[in-house]
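[1] fold the stuff below for me.
(chains A, B, C, D, E and F)
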Number of protein chains: 4
Amino acid sequence: MKAEIKQKSILLFEEKGFSETSIQDIVEALGVTKGTFYYYFSSKEQLLMDIHLGYIDDLLNRQEKIQQKQISNREKLTQLIALLITDIAKHGPSGKVFFREMRHLGEENAFQVKGKREKFRKNLEKIIMDGIVQKEFRQGLDPDIIAFAILGVANWSYQWFNPSGGITADRLADIYSDLILNGIV
Amino acid sequence: MKAEIKQKSILLFEEKGFSETSIQDIVEALGVTKGTFYYYFSSKEQLLMDIHLGYIDDLLNRQEKIQQKQISNREKLTQLIALLITDIAKHGPSGKVFFREMRHLGEENAFQVKGKREKFRKNLEKIIMDGIVQKEFRQGLDPDIIAFAILGVANWSYQWFNPSGGITADRLADIYSDLILNGIV
Amino acid sequence: MKAEIKQKSILLFEEKGFSETSIQDIVEALGVTKGTFYYYFSSKEQLLMDIHLGYIDDLLNRQEKIQQKQISNREKLTQLIALLITDIAKHGPSGKVFFREMRHLGEENAFQVKGKREKFRKNLEKIIMDGIVQKEFRQGLDPDIIAFAILGVANWSYQWFNPSGGITADRLADIYSDLILNGIV
Amino acid sequence: MKAEIKQKSILLFEEKGFSETSIQDIVEALGVTKGTFYYYFSSKEQLLMDIHLGYIDDLLNRQEKIQQKQISNREKLTQLIALLITDIAKHGPSGKVFFREMRHLGEENAFQVKGKREKFRKNLEKIIMDGIVQKEFRQGLDPDIIAFAILGVANWSYQWFNPSGGITADRLADIYSDLILNGIV
DNA sequence: AATGAATGAGGCTTCATTCAT
DNA sequence: TATGAATGAAGCCTCATTCAT
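    Take a look at the predicted model:
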């Protein structure tokens, strides 16, 4: 039941937003009552936190696996971009909620999630830094700003990319890797 | 007074979010009463719409001016990126609200704003397309996806870029133009 | 202007009800502003009172004229019924407002209007009483209750009678006089 | 609790009118909170609808029972008048609300109630029609208009008749039946 | 493990009214 | 004679949450 509540909530939060989705909406969609909700979750925020952690922990895990591979930084970067993009197809709604609704976490929870987000970013930054040192990437780049740019490109996909549309996630990841690596000139 | 309400609302919406900012919050911050608010705005949504239109119309205007210049597409693109980034410093809060709170517009209003957003994107797409045709940019690029990428890079800045931080908006715009044009390899 | 406000208000009150019609509705329908309204009327209730008095005073006047005629009580009754019914065609909206919205008068005003209403009823009662005494009507009738019945028949017309429908006000008055006088057996 | 809310609301609506009675008034009178009200009724209008349906459905039921009896139309008419009048004593407030506050129903609900009201009227009309055909009543009568008259007489009672006053409901019903059947001449 | 009744705070909005100009 | 800005009280409704069962 707990899993069902979480899953349905993700869908509703993605569709209507966190604030606009009431506990009533959630339990009605599942055919249970409010009491049930509060049996499994102590508050609406805690549910949101659950969703956030589920998402970011999984992402960090998979990032780490890439990081540990014995491959070039260039290849790592490519796989990381693919990781972010192809995730949309698999955990799309989860991601949208993740990128949109962090504001609704209380101070403490927000702090925790923010930390993990930044860890992800720092990891990405490190790949770029390493790539520069090892001359895989150009000299003179600002690794932190490049990292932000990559995250921007990838995360923005959540706003428009439709996996069942005219282009696959894999192809999109390729295009983006190419863009980041080679530019458009 | 109308302008004051709008301006203060933008700040509050940016800080706490649209749903989390009550009319009460707004009028209290201004030392007036709720009646005053409704004298100037027929609803909370209408105020949001006002903010959105103010932002996107201004953006479209300035985009058009760039588009009409007698300069290369490469230069146009550079200026457009600068337009988006440097705007943060000037109309930062407005932009954040714009990128975050569209969901709270009703169907009709959302439709109108979406139209203008897409017009901006299409204009950007055209620059890329023209640049490809005129051999300023590489062949084989997907102009629409590249456009999304550029918007992602720029818009994501709203989430982290702090104009009073360690880097200026101009410098950031330069870095991003360089990245888009040349890649990191 | 005062007359225009009153007239338009009657129409709006009839259509939507007193409580449901705002001062805003009234002045908007006239293309003026709220200030104008309060220049002519000290309150919404006072406007309602104006309407009530205009209606009931006129009705009482015309009733009196009938009462003073040198005709049989039977004929007086017939003319009174006609007076009530045919009024719908002429002052329809006014009448509907009169019969519906008295509750919105304050204590003092309600008292005054109630007095005039009762005067009308008492006058009607007197005709019946006189008619009984003079053997134009049956013995043993309760004049007060008969008066209520006649008012019921006539006033209820305001709820359904459409002067531009299939039957004229004159014809309806005839039918009702016949019914009251002769019954249906 | 739901029944209690409904019952108390009827009393308050009768006394002060629907628009003039706030949800606050209702729950305060019962010593509960607004939340409780909305737990049982989805809106103020829905409560009103509940009241309307409770009244008209009951009335239609009892009308039907009379209609099916093996008695003369004259007797049916008499019993129907008695039904309407004596109802005041029993469900007085309910009736007053019914006859006064239909305007506050939304389009859809009003339509439904209007249909039932008209069914009641049509049934009454049929009795008169049948009575004419079977020569119990005079020829040449307009059954629909007579029906309106009867409803007017009866319904108007709600405005003045006080069951605990100088005359009983049974006696009033007798007087009205006599008036309708025999007239006053 | 789940229900259903109840709460109370707060949200958006409407509105009659006032008043300086 | 009329305007327009501002008020403040009140209205309907939503919602996260609690708790006895």
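
[2] show me what contacts the closest residue to A:Ile128 other than its chain neighbours?
    Distance criterion CB to CB, 6 or more residues apart in numbering or on different chains; nearest residue to A:Ile128, sequence neighbours excluded, is A:Pro143 at 4.2 Å. C-betas here are computed from N, CA, C, even on glycine. Counting by CB atoms under 8 Å, 6 or more residues apart in numbering or on different chains, A:Pro143 touches A:Glu125, A:Lys126, A:Ile128, A:Met129, A:Ile132.

[3] who in chain A is up against DNA strand E?
    Within chain A, the residues that sit near DNA strand E (CB under 7 Å from any atom of the strand) are A:Met1, A:Val32, A:Thr33, A:Lys34, A:Gly35, A:Thr36, A:Tyr38, A:Tyr39.

[4] surely the first one and A:Phe37 touch.
    No. The criterion here is CB atoms under 8 Å, and A:Met1 misses it with A:Phe37 at 9.6 Å.

[5] can you list the buried residues in the helix-or-strand element of chain A with minimal mean pLDDT?
    Lowest on mean pLDDT, DSSP states H and E among the helices and strands of chain A sits helix A:73-100, with a mean of 87. For helix A:73-100, burial by neighbour count (16 or more other CB atoms under 10 Å in any protein chain shown) applies to A:73-74, A:76-88, A:91-100.

[6] is chain B within reach of stretch A:103-121?
    Yes. Using CB under 8 Å from any CB of the partner chain, a contact is recorded between stretch A:103-121 and chain B, made by A:Arg103.

[7] what's in contact with that stretch?
    Stretch A:103-121 is contacted by residues A:18-19, A:45, A:48-49, A:52-53, A:56-57, A:59-60, A:63, A:102, A:147-148, A:151, B:16-17, B:20 when judged by CB under 8 Å, 6+ apart.

[8] against A:Ile66, how distant is the residue nearest to A:Ile128?
    A:Pro143 is 17 Å from A:Ile66, where distance means CB to CB, to the nearest Å.

[9] so how far is D:Tyr39 from A:Phe37?
    16 Å.

[10] more neighbours: these two, which one.
    For the pair A:Phe37 and D:Tyr39, the greater number of neighbours falls to A:Phe37 (21 against 13), based on other CB atoms under 10 Å in any protein chain shown.

[11] that one contacts A:Ile5, doesn't it?
    Yes. Using CB under 8 Å, A:Phe37 is in contact with A:Ile5, at 6.4 Å.

[12] shared neighbours of these two, which are they?
    Counting by CB under 8 Å, 6+ apart, the shared contacts of A:Phe37 and A:Ile5 are A:Ile26, A:Val27.

[13] residue boundaries of the strands in chain A?
    Remark: no strands are assigned in chain A by DSSP state E.

[14] which parts of it belong to which domain?
    With domains defined by automatic domain parsing, chain A comprises A:1-41, A:45-182.

[15] which bits of chain A sit near DNA strand F?
    A:20-24, A:34-35, A:37-38, A:42-45.

[16] list the contacts for A:Ile127?
    A:Gln67, A:Asn73, A:Lys76, A:Leu77, A:Leu80.

[17] how much space between the second one and D:Ala29?
    Think A:Asn73. Following CB to CB, the distance that separates A:Asn73 from D:Ala29 is 74 Å.

[18] now A:Phe161: closest residue in space, sequence neighbours ignored.
    A:Ile88 (5.7 Å).

[19] do the same with A:Gln139
    A:Ile132 (6.3 Å).

[20] the one you found contacts A:Arg138, correct?
    Yes. The pair A:Ile132 / A:Arg138 is scored as a contact, 7.3 Å apart, by CB under 8 Å.

[21] and these two? Which one has more around it.
    Using other CB under 10 Å, the more surrounded residue of A:Ile132 and A:Arg138 is A:Ile132, with 19 against 15.

[22] ok, now which ones touch that one?
    By CB under 8 Å, 6+ apart, A:Ile132 lies in contact with A:Arg138, A:Gln139, A:Leu141, A:Pro143.

[23] list just the nearest of those to chain C.
    Nearest to chain C out of the contacts of A:Ile132 is A:Pro143 (CB to the nearest CB; 60.6 Å).

[24] what does the pLDDT read for the closest one?
    Note for A:Pro143: predicted pLDDT of 93.

[25] cool, A:Gln159 as well?
    On pLDDT, A:Gln159 comes in at 85.

[26] from C:Ala169, how far out is it?
    66 Å.

[27] contact partners for A:Trp156?
    B:Phe148, B:Ala149, B:Leu151, B:Gly152, B:Val153, B:Asn155, B:Trp156.

[28] pick out the residue closest to the middle of chain A.
    What sits nearest the mean C-alpha location of chain A, by CA atoms, centre = their mean, is A:Gly95, with 4.7 Å.

[29] interface residues of chain A facing chain D?
    Residues of chain A lying close to chain D by CB under 8 Å from any CB: none are found.

[30] which residues in chain A form helices?
    A:2-16, A:23-30, A:34-40, A:44-68, A:73-100, A:107-133, A:143-160, A:169-182 (DSSP state H).

[31] do the fourth one and chain B meet?
    No. Counting by CB under 8 Å from any CB, chain B is not contacted by helix A:44-68; separation bottoms out at 12.8 Å.
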